[in-house]
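> Whatever this is, show me its structure:
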Amino acid sequence: MNPTPDWLESVLRKPIDEVKIERIGQFTSEVSRLHVVGKGLPETLILKRPRQDRDTRIGESFNMEGRFYGSIAPLLNIRLPICFGYDSNFILLEDVPTQTISFRNGATREHLELVVPALRTLHGTTPGINQDWIPNFADPAFHNALANDFNLGWEQNRAALVDLCPEFAAVGDHLLGRMQHYYAQLGKLQTFLQGDAHLENIPLTADSSEVVFFDWQGPRIGNALFDLAYFLVMSLRTEERRRSEMYWLAVYLGSEIGRDVLMAYRTAVAARASGIVEISARNPDALSPDGGLSMVAKRCFTAAVDHAVQEIVR
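Numbering: from 1, shown residues only. As a prediction, the model looks like this:
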């Protein structure tokens with residue numbers, strides 16, 4: 001499928017004079033910016049197309065993102081890109097100007113002050129969404145499949161994974177054969193989750209007025225703290241996470257942190273570390289120094305060590 005003027009007219013139902021394609025890159029999808037000439041149209045749009053070479057990850061798909069925009073997005077009270085059309089071969093979205101972010105530098109306080117309330121809004125307005133196409137942590141088929149990938153990744157790549165964080169060795173050994181129990185714990189409280197909540201997927205808009213939620217290929221149903229732990233562990237430098245993590249958890253809650261909440265948060269931290277191992281089961285090359293995963297893997301593993309997640313499930 002090439003984004004010709006005729007094709008774009010059929011999607012937007014407006015006359016198109018010209019379309020120029022700017023390739024942005026390959027992420028979870030192939031992403032391009034369309035420069036559009038036509039009356040009453042945005043100057044640019046974002047076109048997402050499925051990647052044929054992307055590893056299939058459990059509970060994630062291009063089609064799932066299309067279904068999200070078709071059925072879930074209209075229910076949410078958060079900033080999302082406008083979806084102009086989708087099918088199994090494309091998703092056409094608003095081109096939202098955002099600030100440049102850096103995983104290495106991590107999220108700023110300004111960013112966190114908007115992300116944390118936005119996550120609370122997402123979770124607070126969607127407790128009743130439970131469609132059968134959305135992976136649910138309470139579903140044994142789903143959490144067992146995730147755990148099986150953890151087991152495979154740990155058994156095959158233990159040495160490379162431990163090189164990233166030697167202290168994680170004992171934690172990983174403990175989680176082997178037990179991760180399904182951690183995921184099942186995250187299924188006990190049910191709300192709709194973004195599922196991949198890190199600073200690239202929830203960036204600040206260009207004017208710093210709000211955050212916008214991108215990349216809905218892996219939504220989940222489960223405990224809301226999964227998204228919060230995911231963002232804090234992935235998006236903060238380790239020293240900053242250690243210093244401010246409990247503060248942001250309390251901000252999210254709007255109250256003091258009780259024992260059960262802290263246990264659920266620690267369980268979510270275990271799941272985030274497990275997710276790195278699960279990726280390695282299907283793509284061991286991602287662990288190479290230039291594979292893009294090693295820096296965030298260290299953060300995730302270190303957080304699991306800091307939270308002594310091996311003590312949660314015996």
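> so who does N105 touch?
When the contact criterion is Cβ atoms under 8 Å, 6 or more residues apart in numbering, the partners of N105 are R237. In this view, the C-beta of every residue, glycine as well, is placed from N, C-alpha and C.
> Assign it to one of the three secondary structure states.
coil (DSSP: H, G, I helix; E, B strand; the rest coil).
> L119 versus that one, what's the distance?
From N105 over to L119 the distance is 21 Å, taken as Cβ to Cβ, to the nearest Å.
> again with I21
34 Å.
> what's the answer for F213, then?
Per Cβ to Cβ, F213 is found 9 Å from L119.
> Then I202?
8 Å.
> Pick out whichever of the two has more residues nearby.
I202 (28 against 24; other Cβ atoms under 10 Å).
> about what we covered before: identify the contacts common to F213 and L119.
Q194, I202.
> measure the closest residue to V11 other than its chain neighbours to W7 for me?
In this structure, V11 finds its nearest non-sequential neighbour in G85, 4.2 Å apart by Cβ to Cβ, 6 or more residues apart in numbering. Distance from G85 to W7, counting by Cβ to Cβ: 10 Å.
> more neighbours, these two?
G85 (17 against 14).
> Surely that one touches L12?
Yes - using Cβ atoms under 8 Å, G85 is in contact with L12, at 7.3 Å.
> which neighbours do the two share?
With Cβ under 8 Å, 6+ apart as the test, G85 and L12 both reach L92.
> Walking through the protein, point out its strands one by one.
For the chain, the strands defined by DSSP state E cover 18-26, 29-37, 44-50, 83-87, 90-94, 191-193, 220-222.
> The second one pairs with which strands, parallel or anti?
Paired strands of strand 29-37, with direction, are strand 18-26 (antiparallel), strand 44-50 (antiparallel) (DSSP bridges).
> Tabulate the ones you listed in TSV, adding columns for mean pLDDT.
Listed next are the strands paired with strand 29-37 as TSV, based on pLDDT from 0 to 100:
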stretch	mean pLDDT
strand 18-26	91
strand 44-50	96
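> Among the ones you listed, which comes closest to D260?
Closest approach to D260 among the strands paired with strand 29-37 (Cβ to Cβ): strand 44-50, 38.8 Å.
> Report the angle between that closest one and strand 83-87.
Counting by axes from the mean of the first three to the mean of the last three Cα atoms, to 10 degrees, strand 44-50 lies at 20 degrees to strand 83-87.
> Alpha carbons of strand 44-50, as PDB, please.
What follows is strand 44-50, C-alpha atoms only, in PDB (Å, rounded to 0.1, in the frame of the first residue of the first chain):
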ATOM      1  CA  THR A  44       1.200  16.700   7.900                       C
ATOM      2  CA  LEU A  45      -0.200  13.400   9.100                       C
ATOM      3  CA  ILE A  46       1.400  10.300  10.600                       C
ATOM      4  CA  LEU A  47       1.100   7.000   8.800                       C
ATOM      5  CA  LYS A  48       1.800   3.800  10.700                       C
ATOM      6  CA  ARG A  49       2.100   0.400   8.800                       C
ATOM      7  CA  PRO A  50       2.800  -3.000  10.200                       C
END
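> in that strand, what's buried?
Using 16 or more other Cβ atoms under 10 Å as the test for burial, strand 44-50 gives L45, I46, L47, K48, R49, P50.
> quick one: the spatially most central residue of the chain from E240, how far?
Closest residue to the average C-alpha location of the chain: D196 at 0.8 Å, with Cα atoms, centre = their mean. Distance of D196 to E240, given as Cβ to Cβ: 21 Å.
> quick one: buried residues of the lowest-mean-pLDDT helix or strand in the chain?
When each helix and strand of the chain is scored by mean pLDDT, DSSP states H and E, strand 18-26 comes last, with a mean of 91. Using 16+ other Cβ under 10 Å as the test for burial, strand 18-26 gives V19.
> what's the burial count for R13?
By the measure other Cβ under 10 Å, the count of residues near R13 is 9.
> Can I get stretch 153-171 in PDB, CA atoms only?
This file holds the C-alpha atoms of stretch 153-171, laid out as PDB (Å, rounded to 0.1, in the frame of the first residue of the first chain):
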ATOM      1  CA  GLY A 153      14.800 -16.100  28.100                       C
ATOM      2  CA  TRP A 154      16.400 -16.700  31.500                       C
ATOM      3  CA  GLU A 155      17.500 -20.200  30.600                       C
ATOM      4  CA  GLN A 156      19.000 -19.200  27.300                       C
ATOM      5  CA  ASN A 157      20.500 -15.800  28.100                       C
ATOM      6  CA  ARG A 158      21.200 -15.800  31.800                       C
ATOM      7  CA  ALA A 159      24.900 -15.000  31.400                       C
ATOM      8  CA  ALA A 160      24.200 -12.000  29.100                       C
ATOM      9  CA  LEU A 161      21.400 -10.700  31.300                       C
ATOM     10  CA  VAL A 162      23.400 -11.000  34.500                       C
ATOM     11  CA  ASP A 163      26.300  -9.100  32.800                       C
ATOM     12  CA  LEU A 164      23.900  -6.100  32.700                       C
ATOM     13  CA  CYS A 165      23.200  -6.300  36.400                       C
ATOM     14  CA  PRO A 166      25.100  -8.900  38.400                       C
ATOM     15  CA  GLU A 167      22.900  -8.400  41.500                       C
ATOM     16  CA  PHE A 168      19.900  -9.500  39.500                       C
ATOM     17  CA  ALA A 169      21.200 -13.100  39.300                       C
ATOM     18  CA  ALA A 170      19.600 -14.300  42.500                       C
ATOM     19  CA  VAL A 171      16.300 -12.500  41.600                       C
END
